[in-house]
Structures are given as structure tokens and as C-alpha cells.
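J.: No letters, just coordinates:
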């Protein structure tokens, strides 16, 4: 139905190597998210899968069939972009059905698919409206509906929520997760937002510098990062890093401790420090402190805690929660 295999996929723009040999298997029905910083190659990789960019070398297979030379319209994919790309003069109904109409699909089939998609996306009341009469979230649902009616083998999403405000992003994440469960479709999704990646994905692909750094479930990446880059990229607030030599660990170069795995006390603990800033978030309190022994630390405490800049505190890492990394940046297990 919708499996994908990438083998040694490379992409260069002149002398610049954007993708440096990507190998990846996506199973039928999986929700896979490409995540990484700007310029890591994630959007280029998605466009190569869609056929909007050619590979420099390598193989792309969808359901076992080589598609590297197949035009986008014949790959069995549907793409949802960051921009909604709706025709302003067409109604919601006509925007959703336009691709099928252009492909010569029977009118009755178009109407039935649009009806089903609009019901899934709660768009029935808006079918006769034009895009200018819709909110940003409604327009994005129309763009998703346009993809659904094509019944593709692969759904490709390119940062689809980045134009929405925070509340709408949360709502649309729930909508997309529900759609994935209902459609049981293969979805590949690009984002720079690790919260989207952690909350939506069956499998996350972390890219940096055109190379896959790690592939795994959200909690695999969170609990067992393969290297310093993944450890620092996944998780918010970010993992603390300490020079291992400061703590007498000669077998590692760097130690990593997540902010929620550090306890604070006013009386005693392993590392004494001074509070330099506090963020009161209601459910959490984020405390930043400077310690002579380990440097700057970020500590995440659950609930409300009354620390203030200038307070002397003692930080203690949780037993078994310290990550060790070698001189090459790779995790030591």
C-alpha cells in the first residue's frame, strides 16, 4: 500500500552536498517525521520523495517499484505544503476536488470522496465558501482534504502547521493524529518543531548536515540518544552537557543530564550553585543556575517552586540518568 525505501540517496547543488547518502525504510501505515535544524536537508529529502527534485544518485522505491525517474503525478503521493496553495476563486468543494477533476475522475466519484473527506475534517458547513472566508486552520484542513481525496499511497507534509498560531497548532496536531489512525495511511512529515515530532511520530528521523543521525521512536531518541547532536536537539529544555573530566570520569568526554533529572535543594547536594534566572510556567518551574564545578545548568521542576536569582542551591543528578559520550560525540553504553 504505502511502503518506502531509500537507498544511498544523494543530492548536490553544484559543489554543495545537501544529502550525503540517505538509507531509510518506511513501513506501510507508519507516521514518520523528518526533524532537524534549518539547512539539514529534511525538506529537500521530502521533495525528492515527491519527485519535485531529482536525485544526484540513489534509489527511491514506493511499494517496491523504482520511482526515481517517475514524474510526481504518477508516484501515488499527495503533498500538503506550508502554504495552503488554494485557488482563491474556487469554493472549498472545488478546491478539494480539482486534482481529481483534472485527472478525469467521474463526477460522482469526486463528490463522494469530497463528502467523505469533508466529514473527516469537519468542513461540511464550509464547502460553498471560498478560502478568503476561512480561518488559517480551516484553510489547512482544506489543503489536507485535497490530499485525502486522491487516496494516495503516501501523504507528504512539509511543515504544514508553521503558519498557524500556537493554539491552532495544538488543535491541528490532534486532527492529523486522528486522521492517521482513521486512514491507516503512510505519512511522512517534515518539521523543525520537536514537539510536533515527539507527539505525532511512530518513528523520528533526525537529520543534520545531510546525514541521518538517528532513527527511532520518540522515546528511544529521548532516552537513548545516539550522539551529542541528538541528545541536544531532542528534549525541551535541552539536555545539560558537562565536561566529564570535571567530575572525574576518565572514560567519557562529555556527560549529559536532562533538566528534569536534576533535583534541587537549599540544604545539600552534589553541586552547589547560584540561581541566575527562574521561569514560572505554572505546571513547571525552570531554574537556571551557575555552578563552579559543572558550569551552567538548567533544572526543570514539576509544579511551582519559589527560587529567586541569587539563591544558593544544591543540584543532584538522578541515579542512572547520566548519559556518557566519547570524544567522537557518540554515546557510550
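T.: All right, it came through fine. Keep in mind that this is a model prediction, so the values were computed, not measured.
J.: how is this protein carved up into domains?
T.: 4-230, 239-246+256-332 (automatic domain parsing).
J.: and the longest one, how far apart are its ends?
T.: Domain 4-230 has an end-to-end distance of 24 Å (criterion: C-alpha to C-alpha, to the nearest Å).
J.: which of the domains of the chain has the lowest average pLDDT?
T.: When the domains of the chain are compared by mean pLDDT, domain 4-230 comes last with a mean of 92.
J.: picking up where we left off before, so can I have a markdown table of the domains of the chain showing mean neighbour count?
T.: Just so you know, the C-beta spots here come from the backbone N, C-alpha and C atoms, and that holds for glycine as well. Below are the domains of the chain laid out as a markdown table (neighbours: other C-beta atoms under 10 Å):
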| stretch | mean neighbour count |
| --- | --- |
| domain 4-230 | 18 |
| domain 239-246+256-332 | 16 |
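J.: I'd like the distance between residue 215 and residue 270.
T.: The gap separating residue 215 from residue 270 is 35 Å, by C-beta to C-beta, to the nearest Å.
J.: tell me which element the residue most central in space within the chain is part of?
T.: For the chain, the residue whose C-alpha lies nearest the mean C-alpha position (C-alpha atoms, centre = their mean) is residue 197; its distance is 3.1 Å. Element membership of residue 197 [criterion: DSSP states H and E] is helix 194-200.
J.: So what touches that helix?
T.: Under the criterion C-beta atoms under 8 Å, 6 or more residues apart in numbering, residues 31, 33, 35, 161, 169, 173, 176-177, 180, 189, 191, 204, 218, 222, 233-236 lie in contact with helix 194-200.
J.: Check stretch 286-299 too.
T.: Applying C-beta under 8 Å, 6+ apart, the contact partners of stretch 286-299 are 237-238, 240, 242-243, 246-247, 259, 262, 264, 271-279, 300-301, 305, 307, 313, 315.
J.: Go again with 6 Å.
T.: Identification of contacts with stretch 286-299 by C-beta atoms under 6 Å, 6 or more residues apart in numbering yields 237, 240, 242, 246, 259, 262, 264, 271, 273-279, 300, 307, 313, 315.
J.: try stretch 157-173
T.: In contact with stretch 157-173 (C-beta under 6 Å, 6+ apart) are residues 43, 46, 80, 81, 82, 136, 137, 189, 190, 191, 199.
J.: how far away is residue 247 from residue 271?
T.: Distance from residue 247 to residue 271, by C-beta to C-beta: 9 Å.
J.: let me redo that: residue 53
T.: Taken as C-beta to C-beta, the span from residue 53 to residue 271 is 49 Å.
J.: And residue 319, by the same measure?
T.: For residue 319 relative to residue 271 (C-beta to C-beta), the value is 15 Å.
J.: And for residue 296?
T.: Distance from residue 296 to residue 271, by C-beta to C-beta: 11 Å.
J.: partners of the host helix or strand of residue 324 in the sheet?
T.: Using DSSP H and E, residue 324 maps to strand 322-325. Strand 322-325 has the following sheet partners, assigned by DSSP bridges: strand 254-257 (antiparallel), strand 331-332 (antiparallel).
J.: ok, then the element right after the helix ranked longest in the chain?
T.: For the chain, the longest helix by residue count, based on DSSP state H, is helix 166-183. As assigned by DSSP H and E, the chain's next helix or strand after helix 166-183 is strand 186-191.
J.: counting contacts, what elements does that next one pack onto?
T.: Here strand 186-191 touches strand 31-35, helix 42-50, strand 154-158, going by 3 or more C-beta pairs under 6 Å, 6 or more residues apart in numbering; DSSP states H and E.
J.: Kindly state which of these is positioned closest to residue 226.
T.: Closest of the helices and strands packed on strand 186-191 to residue 226 is strand 31-35, at 14.1 Å (criterion: C-beta to C-beta).
J.: any idea of the angle the closest one forms with helix 166-183?
T.: 140 degrees (axes from the mean of the first three to the mean of the last three C-alpha atoms, to 10 degrees).
J.: what packs against strand 31-35?
T.: Using 3+ C-beta pairs under 6 Å, 6+ apart: strand 31-35 touches strand 186-191, strand 203-208.
J.: Including distance to residue 71, could those strands go into a markdown table?
T.: A markdown table is the format used below for those (distance: least, C-beta to C-beta, whole Å):
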| stretch | distance to residue 71 |
| --- | --- |
| strand 186-191 | 19 |
| strand 203-208 | 25 |
